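Colleague: kindly generate the corresponding structure for this input.
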Amino acid sequence: MTARAGLRRVTGANTLGIAVVLLVLIAVFGALRPDAVLTVFTLQTTLVETSVLLVLAVGMTYVIVTAGIDLSVGSVLVFSGVTSAMTMNALHDGNATTAGWGVVFVGLLVAVASGAAWGLLNGLLIARAGLPPLIVTLGSFGAALGAGQLISHGSNVAGVPDVLGDTLGTGTWFGVPNLVLVAAAVTAVGALVLGTTAFGRHTYAIGSNEEAARRAGIPVTRHLVTVYLLAGVLAGLAGFMALAYFRVASITGHDTDNLNAIAAVVLGGTSLFGGAGSVVGTVLGVFVPAVLRKGFVIVGVNVYWQPIAVALVLVAAVWFDQSRRRARDKR
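Modeller: Down below sits the predicted model:
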């Protein structure tokens, strides 16, 4: 693979258009309220508010590139946050507020392991049992949320260590929020792996034509299990990040995270039909709805217009993807 082809896979073939849309939105809102939009504070809050969703969306990018879908990531995030918070509390006499880094590290491991367990279950049912991804992940969406509600008795779990909230949750490094740094690191690794490694090439190949990939010697079953496992791990990490930021494991605060992650991936140019997309495009796709919401709030637009605007942009993105596919098929 040439350097140009590798760069194209890292950045994606359709990122320019969504980048222009993002810049236009920023320019419009900036012209309307330059005193509130074009500020460091607005930039920092937007970056922090999108960090958790960005980590979810990186995993979702891999899944959708394989022509799959994962509706469970929001519920897995909730479950991972609950198990992590309850474990940390259990290790510190029922309230981990004053716990140290040892307890925090165990909490991180529990969150990631919880996400990995659900991801592995999804992957096995989809790749080995041959069940449709939509049905499997719809089932785990309900099961993971229900399991989280059962073990927490339907209540939010507090008692998050102050050291976790003060560092990962609200801390900064040279002025950059630590939460943003973690999301940026995950994004950079995800983009490089998908765009420059054999694992990434196999992911694209499976999404383009699963049977052809199998005949070419790609271990399709194992690869799909790994992709869904990755999505689960990142959902677990996102749950831990949300726990640090909000300082509570919320049962009801992530109802639409799965749909927001899918929307971000599609807006970023990843095809729902598989075989095309990039993590860089997903980053842009995450920020388009975020800028719309933030801009509407700042300029005083009725909040009920926000989901309508995001929906219109999403439908337009899917229409563009389908039109491009039809034009390619006619050649």
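
Colleague: in this structure, where is pLDDT below threshold?
Modeller: 1-14, 321, 324-325, 328-331 (pLDDT under 70).

Colleague: for it, which segments count as strands?
Modeller: Residue ranges of the strands in the chain, as given by DSSP state E, are 172-173, 176-177.

Colleague: of the ones you listed, which is nearest H153?
Modeller: With distances scored as CB to CB, the stretch of the strands of the chain nearest to H153 is strand 176-177 (32.5 Å). Glycine gets a C-beta too; all of them are placed from N, C-alpha and C.

Colleague: got the contact list for that closest one?
Modeller: Applying CB atoms under 8 Å, 6 or more residues apart in numbering, the contact partners of strand 176-177 are 44, 47-48, 51, 170-171.

Colleague: stretch 233-242 now?
Modeller: 51-53, 55-56, 58-59, 72-74, 76-81, 84, 107-108, 111-116, 118-119, 168, 179, 182-183, 186, 249-250, 253-254.

Colleague: at 6 Å what do you get?
Modeller: 52, 55-56, 58-59, 73, 76-77, 80-81, 84, 108, 111-112, 114-116, 179 (CB atoms under 6 Å, 6 or more residues apart in numbering).

Colleague: grab the most central residue of the chain for me.
Modeller: Closest to where the C-alpha atoms of the chain average out (CA atoms, centre = their mean) is L56, at 1.7 Å.

Colleague: the residue nearest to that one when sequence neighbours are not counted: neighbour count?
Modeller: Among residues not flanking L56 along the chain, A261 sits closest, at 4.3 Å (CB to CB, 6 or more residues apart in numbering). Residues lying near A261 (other CB atoms under 10 Å) number 34.

Colleague: contacting residues around A261?
Modeller: If you count contacts by CB under 6 Å, 6+ apart, then A261 has 56-57, 60, 73 around it.

Colleague: ok, it to R293 distance?
Modeller: 15 Å (CB to CB, to the nearest Å).

Colleague: ditto for V283
Modeller: As for V283, its distance to R293 is 17 Å (criterion: CB to CB).

Colleague: comparing the two, which residue is more hemmed in?
Modeller: Neighbour count, other CB under 10 Å: between V283 and R293, V283 has more, with 27 against 18.

Colleague: skipping adjacent residues, who's closest to the more buried one in space?
Modeller: T187 (6.0 Å).

Colleague: what of V73?
Modeller: Per CB to CB, 6+ apart, closest to V73 is A235, 4.4 Å.

Colleague: against Y304, how distant is the one you found?
Modeller: For A235, the distance to Y304 (CB to CB) stands at 29 Å.

Colleague: same question, L47
Modeller: For L47, the distance to Y304 - CB to CB - is 26 Å.

Colleague: now do the contacts for V180.
Modeller: Residues near V180 by CB under 6 Å, 6+ apart: 47, 51.

Colleague: any idea how far Y245 is from it?
Modeller: 11 Å.

Colleague: same question for P132.
Modeller: Taken as CB to CB, the span from P132 to Y245 is 34 Å.

Colleague: neighbour count: the two, which is higher?
Modeller: Legend: neighbour count by other CB under 10 Å for P132 and Y245, higher for Y245 (20 against 12).

Colleague: doesn't L168 make contact with that one?
Modeller: No: using CB atoms under 6 Å, Y245 is not in contact with L168, being 7.8 Å away.
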